[in-house]
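Novice: Predicted model and sequence follow; I will ask about them next.
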Amino acid sequence: MQYMFLIYHTPDAEPTYGSPEFQAMMEGFAAFNRQAAADGVLRAGEGLKGVETATSLRVRAGKVETMDGPFAETREHLGGFYLLELPDLDAALRYAAQIPVAHFGTIEVRPVMDYDLPDH
């Protein structure tokens, strides 16, 4: 089963760019990437540009509405994602705990729908 790991963080809780703490966090991401790839479970993963670059879209009463920025009202921002192929939620949670942002943000783990299976 594939699991999506949505990486949320509060920008002011993230280590300052260029600091030793930031470098350690980036080394943690590199180690996670290497391990997930070596384990053969990594399907995709990337960071996202800041929320100021986001555009949200919705359709209401047949009209398309677009808004600058994310629509959800939250202090935490979606900063990136991973897509891993894993046997179960327990394995997914073990990987989620290894993502550096888990120490100061939130990792949402969600199974991906498989429309080829009858029990979706």
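Specialist: On my side now, so go ahead.

Novice: any idea which helix or strand of the protein has the worst average confidence?
Specialist: strand 55-60 (a mean of 84; mean pLDDT, DSSP states H and E).

Novice: Does anything pack onto the longest helix along the chain? Which helices or strands?
Specialist: As assigned by DSSP state H, the longest helix anywhere in the chain is helix 20-38. Where contact means 3 or more Cβ pairs under 8 Å, 6 or more residues apart in numbering; DSSP states H and E, helix 20-38 is packed against strand 42-47. Placement of C-beta: from N, CA and C, glycine included.

Novice: what is the rounded mean pLDDT of the strand it packs on?
Specialist: When pLDDT is averaged over strand 42-47, the result is 96.

Novice: List the buried residues of it.
Specialist: For strand 42-47, the neighbour count (16 or more other Cβ atoms under 10 Å) marks 42, 45 as buried.

Novice: Sheet-wise, list the partners of that strand with their directions.
Specialist: strand 77-85 (antiparallel) (DSSP bridges).

Novice: Any buried residues in the strand it pairs with, and which?
Specialist: For strand 77-85, using 16+ other Cβ under 10 Å, the buried residues are 77-82, 84.

Novice: Measure how it sits relative to helix 20-38, angle-wise.
Specialist: Orientation check (axes from the mean of the first three to the mean of the last three Cα atoms, to 10 degrees): strand 77-85 against helix 20-38 gives 20 degrees.

Novice: how about the CA coordinates for strand 77-85, as PDB?
Specialist: Output in PDB follows, covering the C-alpha atoms of strand 77-85 (Å, rounded to 0.1, in the frame of the first residue of the first chain):
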ATOM      1  CA  HIS A  77       2.300  25.100   6.700                       C
ATOM      2  CA  LEU A  78       2.500  22.200   4.300                       C
ATOM      3  CA  GLY A  79       6.200  22.100   3.500                       C
ATOM      4  CA  GLY A  80       6.700  18.900   1.600                       C
ATOM      5  CA  PHE A  81       5.700  15.300   1.100                       C
ATOM      6  CA  TYR A  82       6.900  11.800   0.700                       C
ATOM      7  CA  LEU A  83       5.100   8.900  -1.000                       C
ATOM      8  CA  LEU A  84       6.300   5.500   0.200                       C
ATOM      9  CA  GLU A  85       5.200   1.900  -0.600                       C
END
